[in-house]
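Participant: model this:
(2 chains)
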Amino acid sequence: MYRIPPKGSKERERLIAEHKACTESMYGVAGFSSLLCATQGDVTEVSGGMHGDIELNRVLLRMRAQEAKGKLVSICTKIDEEWRIARLSGVRGVPPKFVDDRVFTEENEVQHAIFLMRLDEMSETDGQPEDFNEGWKRRSDNWTVT
Amino acid sequence: MKLTGYADRLSVRPGETIRFHINADFKGEYDAQLVHLINGNTNPRGPGLIEKAQKASFNGAHPAQRQKIYSGSYGFVEDLPQFHVDSVTLQCWAWPTIPKTDPGYWKHGAQALMSKWSKGKGYGLFIDADGHAEFRINGQSLRSPFPLRDHAWHFIAASYDADTGKAVLYCEPQIQYALDPESGAVSASWKEKIATPAVPFVLAGSTERLDDAPEARASRPEGVVIGSHYNGKLDSPRLCNRALTRLEIETMKMGGQTSQDERRGSGPTPALSECLVGAWDFSVGIDTMRAVDRGPYRFDAELINAPTRALTGHNWDGHVFDWKQAPQQYGAIHFHDDDLDDARWQVDFEWQVPKNQKSATYAVKLTSAEGHEDYIPFFVTPWPGKPTAKIAVIMPTTSYMAYANEHLANNAGGAELLVYRVPVMQQQNMYLSEHREYGGSLYDTHTDGSGLCLSTRLRPILSMRPKYDHFLSQAPWQYPADLHLICWLEMQGYDYDVLTDEDVTYDGLRLLEGYNVLITGSHPEHVVGSQLDALHNYKQRGGRLMYMGADGFYWVHSYHPAYEDRGRGVMTEMRRCESGIRTWRADPGEYYHQGSGELGGMWRYRGRYLHTVGGTGMSAEGFDISTYYSRTQESLDPRVAWAFDGIDFDEKLGNFGLVGGGAAGLELDIVDTMLGSPPHTLVVATSAGRHTEGYLLVMEDFGFNQQGLDGTQHPRVRSDIAFHETPNGGGVFAFSSIAFCGSLPWNDGDNNISRLVGNVLDRFMQDGPLPAAPKEAVKPRGRAEYVQDIPAAPSESQPFRRAETV
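Facilitator: From the prediction side, this is the model:
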């Protein structure tokens, strides 16, 4: 498993730069992938990102595989105009809660903001034996889709 | 969302009446306006929301009325003298799914297995908030020493002898593991006279209160709010009017078949059976919403909110997999606290559809001065045999029901891996996340984690709305995505009728005959068998079909017969069985529908390949971004070249769009003659090699996991635009991508996807048979063998010639 690159590491800075470039190239697309559009907002030609950077690819997959409890999501608060970041409760019937006051005015901008938050929040050894807990035996090991 | 509503039907014909049920959770009034809803996508790169106000008798202000949904399944028998007992024994098998819930859980607290108990009076068998079995007599409580194990069968029984005051509770797990504590009976001595309240006897719940609040009006019996909903399976509940010994309890497991003579010796002895009040046998009437009592009084319980039946009981032996073959092993009902069959709201207004009302996609737009807003979509459809246009669009309403009020982004940790980005949720998702009473979709698991296999349309379906982007696509999905097609038809000035899945399912060919061409929605995934029959019969008789999407005709559905009296297609059922894209998986032995009794799962595994319907079938899915198509050499074939009039061979087809930025995206279909595509099918364009690694081959196409299955690697991860002729001058065009319709309205409809679809529609809508294919096109074709026009002598080592050998 690739480690989640720690603060101050060169690979972390590189991943952040690559992810930011990908994200900004996706502004205007009705969808999103961590890939670089040759022309901003046009997915005719895409490259780099997850396809070109194996480390970014693996780190993003680890981030996406987190269990529902505490997971960061984007909430549209004004149709086609405003988005905010929230955290899932992991408890059915308990809605997500906003994590801060930031309001994003570009839908795909949130993707990068959450990437940065997860780099700070996740342990370097996420998903490795150091992280073992009782839940791994009982379906909280990022396995189930639902 | 303080303003929500639903109609009593999705499809209404001229002259019929449609009723609207509105929750307006504020004082004052709201405004209702009939609109012709043409486009629901608010993306600034598209045409934006398009709605046209229409005349209707109900237009105008209406008084606000607060209405609530009352969810959670249970069974009840009305209050009758036989339930007023002095002493009592309660017993059942239980397989609880969440015996202990998180304090923040929406219905945290005790769960009742069977009760005639309310506000500290009566008797009942419960699971307490800590997950222990609990026996209640009035305010007294006796609980098992250890909590129940979730997802495990337990036999639970309790008795109270009013003469001696002795109360006993047994809680016996069916499987005892090596390090489990010994389970045993617990007892107490009480001086209680059972104060039986005048409330129903309830299975899987207990009476919370009696009142006339909105929730109680939606409950059954009306005015009685049932609480303490149980989550899990319940099997063989029994109620006796005296305290039985443990041996008598054991005998009573056999139920209500009393020994009438020496030849019919099953069940309790005549003497023992004298104490029997009720012995419910859930293996009887599995396709109904009645829980049959085989005891002497025939206290059949009415089941409310559609619990799941046709599930394995405590005695399932693993040798029978169809409940119809051994119903006695299917005596379990799974109750869920979020089950829902009918919101049961009061009618706020109704509309008799004028005889000359145009068939179209309508909605009632609800607004209030405070800024609240909701839309209730419905469709005015023609009567069978009375088409008013040459074109009919079939709105995939069964699929809308399957996706109704879906919770995946909120509940599924893995949803982000699926969509390959952080999910974007909408206001509707937030509302549903704390209003589980609105029920879930067939993609969800219930609040207890078990698969959700029944979906009703008698509730507000907040995912079937304009201005709603789905987390899967970050764009419209299903209903609002199908409006892209409606928008394009309107832009281009076509005259068309609108039909729905339920119309086609019930009316069959008599509804379809008379149209020159049928157009599907973007994702007609969920279908009842008779709809497939109707489409086949239509195509066989020269009809033309335009399959505008992908992942169509995939899952087996049936409409539950117990709800036929409330309308057509009220409750749809689907089971996710041995393969296919499954957000949950049915357990072994639970593949057969409770309503129709048919085998559920994919049509493919019923021998009805999806590729036979539209010529292409599901091959891959991914949800990050879309891409474009390139024409193939087969597009130059004179059989189909007409479709590309005005389109250059090397044009990028659909490298634009309002769904993922391209026409080929989300879920993708391909031609596969081994899976039912007719052998003469032409692939005229394909997106092969252009998808991201977020796109993966469907699991039903491979036998074991291996590398190389994503869009950057696997040749089957693609969408094929395909054409084939059908008998008697018919034809089928498949566009094979869910994102496809999102490209139609791009640039106000001036684009090559619009041109291609326009060419096909113009040809398909003409009267009379399509021009015959050139004579040389008529020739034998194999399925796997595909080069047959070059004569070759078969030999033992080479029975046929493959292309690479040519």
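
Participant: My understanding was that residue B:729 contacts residue B:770; is that so?
Facilitator: Yes - with contacts counted by Cβ atoms under 8 Å, residue B:729 reaches residue B:770, the gap being 4.8 Å. Glycine gets a C-beta too; all of them are placed from N, C-alpha and C.

Participant: What are the boundaries of the strands in the stretch 551-700 of chain B?
Facilitator: Listed in chain order, the strands of the stretch 551-700 of chain B (DSSP state E, counting those that start in this stretch) span B:555-559, B:571-573, B:617-621, B:630-631, B:667-670, B:682-686, B:696-697.

Participant: Same list (the ones you listed) but as TSV, adding mean pLDDT and mean neighbour count.
Facilitator: Rendered in TSV, the data for those read as follows (pLDDT from 0 to 100; neighbours: other Cβ atoms under 10 Å in any protein chain shown):
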stretch	mean pLDDT	mean neighbour count
strand B:555-559	98	26
strand B:571-573	98	26
strand B:617-621	98	27
strand B:630-631	98	18
strand B:667-670	98	30
strand B:682-686	98	25
strand B:696-697	97	18
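
Participant: which residues touch residue B:519?
Facilitator: Shown here is residue B:519, whose contacts under the criterion Cβ atoms under 8 Å, 6 or more residues apart in numbering or on different chains are B:391-394, B:485, B:496, B:545-546, B:548, B:761.

Participant: Spell out for me the ChimeraX command that would select the buried members of these.
Facilitator: The buried subset of the contacts of residue B:519, as determined by 16 or more other Cβ atoms under 10 Å in any protein chain shown, is captured in ChimeraX by this line:
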select /B:391,392,393,394,485,496,545,546,548,761
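
Participant: just curious, which of the contacts of residue B:519 is nearest to chain A?
Facilitator: Proximity of the contacts of residue B:519 to chain A was ranked by Cβ to the nearest Cβ; the top entry is residue B:485 with 16.4 Å.

Participant: What residues are bridge-paired with residue B:545?
Facilitator: Beta-bridge pairing of residue B:545, defined through DSSP bridges, involves residue B:518, residue B:732.

Participant: Give me the pLDDT value at it.
Facilitator: On the pLDDT scale, residue B:545 is placed at 98.

Participant: Thought residue B:516 was touching it, still the case?
Facilitator: No - in this structure residue B:545 lies outside contact range of residue B:516 using Cβ under 8 Å: 10.8 Å.

Participant: Leaving out sequence neighbours, find the closest residue to residue B:12.
Facilitator: residue B:18 (4.3 Å; Cβ to Cβ, 6 or more residues apart in numbering or on different chains).

Participant: burial count for the one you found?
Facilitator: 22 (other Cβ atoms under 10 Å in any protein chain shown).

Participant: Test my guess that it contacts residue B:377.
Facilitator: No - under the criterion of Cβ under 8 Å, residue B:18 is not in contact with residue B:377, lying 11.6 Å apart.

Participant: what is in contact with those two at once?
Facilitator: Once Cβ under 8 Å, 6+ apart is applied, it turns out that residue B:18 and residue B:377 contact no residue in common.

Participant: need the helices for the chain, in chain order.
Facilitator: No chain in the question, so chain A it is. Taking DSSP state H as the criterion, chain A contains helices spanning A:10-25, A:49-52, A:54-64, A:109-121.

Participant: let's do chain B instead
Facilitator: According to DSSP H, the helices that chain B contains are B:214-217, B:246-252, B:270-273, B:397-402, B:408-411, B:415-419, B:427-434, B:479-492, B:501-507, B:509-512, B:529-540, B:611-614, B:752-764.

Participant: need the ones you listed in TSV with mean pLDDT and distance to residue B:356, can you?
Facilitator: As requested, the helices of chain B are arranged in TSV below (pLDDT from 0 to 100; distance: least, Cβ to Cβ, whole Å):
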stretch	mean pLDDT	distance to residue B:356
helix B:214-217	88	37
helix B:246-252	96	65
helix B:270-273	87	65
helix B:397-402	98	24
helix B:408-411	86	42
helix B:415-419	91	45
helix B:427-434	94	35
helix B:479-492	98	19
helix B:501-507	98	19
helix B:509-512	98	20
helix B:529-540	98	27
helix B:611-614	97	33
helix B:752-764	98	26
